[in-house]
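A.B. asks: Pasting the sequence and the predicted coordinates here, then a few questions.
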Amino acid sequence: MSAAPDAHGAVDAIWKLESARIIAGLTRMVRDVGLAEELAQDALVAALEQWPAQGVPDSPGAWLMTAAKRRAIDHIRRDERMARRHEEIARTPEGQDPEPDDDVLRLMFISCHPVLPAEERVALTLRLLGGLGAQEIARAFLVPEQTVSQRIARAKRTLAEERVPFELPPGPQLAGRLTSVLDVIYLIFNEGYSATSGDDLMRPALALEALRLGRLLAELAPREAEVHGLVALMEIQASRAAARTGPSGEPIQLHEQNRGLWDRLLITRGFAAMLRARQAGGPLGPYVLQAAIAVCHAQATTAEDTNWAQIATLYEKLERLTPSPVVRLNRAVAVGMAHGPQAGLDLVETVAAERALKDYHLLSVVRGDLLTRLGRHGEAAKDFERAAALTRNAAERAFLLGRAAAGAARARPGRAGITLGEAAEGFLAREDLEAETVRSYGQTLRRLRLDLGPGTPLADVTVGKVAGVFAVAWGTAAPRTWNRHRAAVRSFSAWAAIEDLSAGLDRKPENRERRPAVHGPDLEALWRHPSLRERTLWRLLHESGASARAALSLDVEDLDLTARRGRVTTRTGPVWISWGYGTAALLPELLAGRTRGPVFLADRRPAPARLPKPADLCPDTGRGRLSYERAEYLFKKAAGHTLHQLASGAKHTLVNAAGEQRAEQRG
């Protein structure tokens, strides 16, 4: 054992490196991906408990695998299929487990099994094999984080229900399963090659893991051109790693890199993989085309020698094969280099209104590059500033802010006057606005500042520009949301004594019909739900009329079971929630003797890297507080209604702290 000054940091780093192998090995034992991940996380919790005192072991990955296997064996012993599972484990002699790489490949193909929808395959494999969090996966796919979490949970549940075998697909099924696998491997590589968050631009271990998986897959499917194309693409991109950052970790753009630092061995391996892709034959797929683009860059001895016209042609073919705004944006870069910055900028403007790219920081980076080459430094500075606000990578943010400052310094003096950012700050600082109004207005003005630039003179903000922001940001939002943001712009315009910037925004008709409360047969079905936790929560909401967030914030130590009530703290002070006999009959069984911590707990203990606040963690079970989002999802799935509809049918019996004494006297 070695000293452990930062056991939490060690556990987090080891999870990123070893989680795929540990989960794969456990899946082979327990035949349940969700359970395997839970067992692996239990082992990590044990590491957090023991390593600070005992030190980080010399082989932390092996320590975690051993700890996780012990938990798996304990689980198997409790399982009704104990005899069959023990026979299966017994067939593997001690110390002669199957090759870890074989297990990882099996895990890869399970995660990409056809029983899962495509988006769930990708999200689950990134989670299990890449060790990526839901936030990182969401950023890669340009979707909300909650959507990714739901996909992962559904995928695990489906795999368990369908009893998907832990094996490699037979030959006839292999080709059909490759597309999702290739997409996942490349996304893992991209997260390592250009990290979406953190302090460093790259996460080399993740990129190397993707390369390893790609090479293994190429051995498994030697006749698949796309597999070799992906390997070629990753080899050549990885060859630039040493030249991509400067002495302080700052990014260095491709055309400014010292090509003498490029790894010639990796380039040679990439060329060889590309040759194998061509020998495999067949039509050109997206990865072979992207590899061909990488080859064009690698063949140029200097940036000036790059055949940008050929690259633009390859991107055009790629866009026809896989049309997407990101591919078109990359083509705009090539067109700008081959045919001039204005041609590239014209192409960028065709994708700027794409809703999927509204928070994609590279769109602003590309536009800023092209504007800089056109000498429009002031406009470029705003784009670099916007890109810096959108990126979550610290190194990239610092680099972009530097470019924004340089552009602003070179720009011609703009029109004098207050800026949009200054006006927004003054408007939100008014003393006559309530906190809730400030929060609502702040959402609207934050989007305007982000999309138009906080340094933009207020005089340059026009009705047309605001309408453009609304079309991209809230074009598909509910009428109520659209009208709320529109009203904020009207109020801001009146306060600033400028033209009404909402003049180009029509008010949308709202549906004022209230959703019906849950009652009758629907309620009776809920009271028969098999989950004790859900049944108790739903009973409490129906009998108390409390909000779901208030009920979920209840702690065991604040319950008065005899009086059938519990106290929660809100922004306006302490509030009592009272319930009826139905809830009172369920609560003791739900608490199971617990005397502290949240009343309603999540299904599983959180991963060490994502521990909730101490107040939201049960000290007895190690599980976190059930989130509102998860509770809402479970209720919608069970009843097709919202939790608000459930509470709205109840007789409200909330008693605030000011009336506490009077309530006790009535009791």
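C.D. replies: That came through, no problem.

A.B. asks: Helix or strand with the lowest mean pLDDT in the chain?
C.D. replies: strand 655-656 (a mean of 38; mean pLDDT, DSSP states H and E).

A.B. asks: Next one: the residue nearest in space to the middle of the chain from Val143, what distance?
C.D. replies: The residue lying closest to the centre of the chain (Cα atoms, centre = their mean) is Gln135, at 2.2 Å. Counting by Cβ to Cβ, to the nearest Å, the gap between Gln135 and Val143 amounts to 11 Å. In this view, the C-beta of every residue, glycine as well, is placed from N, C-alpha and C.

A.B. asks: in which helix or strand would I find Trp63?
C.D. replies: Using DSSP states H and E, Trp63 maps to helix 60-78.

A.B. asks: Now Leu634. Its backbone dihedrals?
C.D. replies: phi -60, psi -40 (degrees, to the nearest 10).

A.B. asks: Number the residues from 706 up from this point.
C.D. replies: Yep, numbering from 706; the last one is Leu1339 now.

A.B. asks: Just the element for the residue nearest to it when sequence neighbours are not counted, please.
C.D. replies: Once flanking residues are discounted, Leu1339 sits nearest to Glu1239: 5.9 Å by Cβ to Cβ, 6 or more residues apart in numbering. Glu1239 belongs to helix 1237-1249 when assigned by DSSP H and E.

A.B. asks: can you check Gly1271 too?
C.D. replies: Assessed by DSSP H and E, Gly1271 sits inside strand 1270-1275.

A.B. asks: Report the buried residues of stretch 979-999.
C.D. replies: Applying a neighbour-count criterion of 16 or more other Cβ atoms under 10 Å, the buried positions in stretch 979-999 are 979, 981-982, 985, 989-999.

A.B. asks: What of stretch 1105-1115?
C.D. replies: Leu1105, Arg1108, Ala1109, Gly1112, Ala1113.

A.B. asks: For Ile728, see how far away the fourth one is.
C.D. replies: In this case it means Gly1112. From Gly1112 to Ile728 the distance is 46 Å (Cβ to Cβ).

A.B. asks: and the gap between Arg1330 and Phe1305?
C.D. replies: 7 Å.

A.B. asks: Adding distance to Pro819, write the buried residues of stretch 1105-1115 out as CSV.
C.D. replies: Below are those laid out as CSV (distance: Cβ to Cβ, whole Å):
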residue, distance to Pro819
Leu1105, 41
Arg1108, 45
Ala1109, 47
Gly1112, 49
Ala1113, 53
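
A.B. asks: Check which helix or strand Ala910 maps to.
C.D. replies: Per DSSP H and E: helix 909-925 holds Ala910.

A.B. asks: centre of the chain versus that helix, how much separation?
C.D. replies: The gap between where helix 909-925 is centred and where its chain is centred comes out at 22 Å by Cα atoms, centre = their mean, to the nearest Å.

A.B. asks: returning to what we had before: what is the neighbour count of the residue nearest to Leu1339?
C.D. replies: By other Cβ atoms under 10 Å, the residues close to Glu1239 number 17.

A.B. asks: who touches it in this structure?
C.D. replies: Leu1339, Phe1340, Ala1343 (Cβ atoms under 8 Å, 6 or more residues apart in numbering).

A.B. asks: Any of those residues buried? List them.
C.D. replies: Counted by 16+ other Cβ under 10 Å, the contacts of Glu1239 give Leu1339, Phe1340 as buried.

A.B. asks: what's the closest of the contacts of Glu1239 to Glu1229?
C.D. replies: Ala1343 (13.0 Å; Cβ to Cβ).

A.B. asks: so what's Tyr1146 closest to, chain neighbours aside?
C.D. replies: Nearest to Tyr1146 is Ala1193, by Cβ to Cβ, 6+ apart, at 4.7 Å.

A.B. asks: A helix includes that neighbour, no?
C.D. replies: Yes. Ala1193: assigned to a helix according to DSSP: H, G, I helix; E, B strand; the rest coil.

A.B. asks: could you measure it against Leu1210, distance?
C.D. replies: Counting by Cβ to Cβ, the gap from Ala1193 to Leu1210 is 11 Å.

A.B. asks: Brilliant, that's me finished.
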